[in-house]
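K.L.:
pasting a predicted model and its sequence here:
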Amino acid sequence: MSYGDKNIFSIPTVYKGIEMRSKLETKVALFLDALKIKWEYEPKTFLLSNGIPYKPDFYLSEAKQWIEVKGVVGKNNHGISELFVKDTQQELILISSEAVWFYELFGEPGEVWGQDGLQVGKCSSCGNYFFTGPYGIFSCRNCGTHEGDHDIFALLQNLSWDDEINFSCIKSIKSWLKRYKVKV
């Protein structure tokens, strides 16, 4: 695959007996496992309203969220992410080797809000970790409990925060998990 003047190659890798399309996907799966978030790998293909088939990489069944992993995010990825959320009425997290975005329905009916960054919270009611955008609805995606923003304990933001994770670097993931006392 070529992107601009860079050649991008993904290396298929097996994680927990599942062949994933890239090492980056396996690192995201490791992160989800460390947070004890249940996931399925590529369980469904959607036919978007523009006629394009789309298969997100991970489904978080308890939170009813999807994750798409891209080594490099191209021009069309944001538009497809927004269309997916609008068509399915479900949240999508877009993770690349350099950035993270959170897409949700917000504002006017059918309006999709793509936010630069992602927050991680641990719900004091159900005890599960959950993802939310840096702005918007801070309720637990698993049980719906809303405690304001004080249940949010970490922010994954693009190249500007101390607690950022570089998902392409396993050392960065482990360091983040250790900082927040998540046992692997």
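P.N.:
Everything's here; your move.

K.L.:
low-confidence bits of the protein, can you list those?
P.N.:
Where the chain drops to pLDDT under 70, the residues are 1-8, 149-151, 153-163, 184.

K.L.:
now with 80?
P.N.:
Filtered on pLDDT under 80, the chain yields the residue ranges 1-9, 107-110, 135-137, 147-164, 183-184.

K.L.:
show me where it has its helices.
P.N.:
23-34, 75-88, 170-179 (DSSP state H).

K.L.:
okay, those helices in a markdown table with distance to residue 143 next?
P.N.:
In short, each C-beta sits where N, CA and C put it, glycine included. As requested, the helices of the chain are arranged in a markdown table below (distance: least, Cβ to Cβ, whole Å):
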| stretch | distance to residue 143 |
| --- | --- |
| helix 23-34 | 18 |
| helix 75-88 | 21 |
| helix 170-179 | 23 |
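
K.L.:
same list (those helices) but as JSON lines, adding distance to residue 114 and mean neighbour count.
P.N.:
Formatted as JSON lines, the helices of the chain follow (distance: least, Cβ to Cβ, whole Å; neighbours: other Cβ atoms under 10 Å):
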{"stretch": "helix 23-34", "distance to residue 114": "19", "mean neighbour count": "20"}
{"stretch": "helix 75-88", "distance to residue 114": "6", "mean neighbour count": "16"}
{"stretch": "helix 170-179", "distance to residue 114": "23", "mean neighbour count": "14"}
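
K.L.:
of those, which approaches residue 123 most closely?
P.N.:
When those are compared by Cβ to Cβ, helix 23-34 sits nearest residue 123, at 16.0 Å.

K.L.:
now what about that closest one, what contacts it?
P.N.:
Helix 23-34 has contacts (Cβ atoms under 8 Å, 6 or more residues apart in numbering) with 10-11, 13, 15-16, 18, 20, 39, 41, 57-58, 60, 67, 69, 71, 95, 97, 165, 167-168, 170, 173, 177, 182-184.

K.L.:
among these, which ones are in strands?
P.N.:
With DSSP state E as the criterion, strands contain 13, 15, 18, 20, 41, 58, 60, 67, 69, 95 from among those.

K.L.:
from the residues you listed, which two are the most distant?
P.N.:
13 and 60 (20.4 Å).

K.L.:
so for those two, which sits in the more crowded spot?
P.N.:
Taking other Cβ atoms under 10 Å, residue 13 and residue 60 do not tie; residue 60 has more neighbours (20 against 16).

K.L.:
for that one, give its distance to residue 98.
P.N.:
Noted for residue 60: a distance of 22 Å to residue 98, by Cβ to Cβ, to the nearest Å.

K.L.:
middle-most residue in this protein, spatially?
P.N.:
Closest to where the C-alpha atoms of the chain average out (Cα atoms, centre = their mean) is residue 93, at 3.3 Å.
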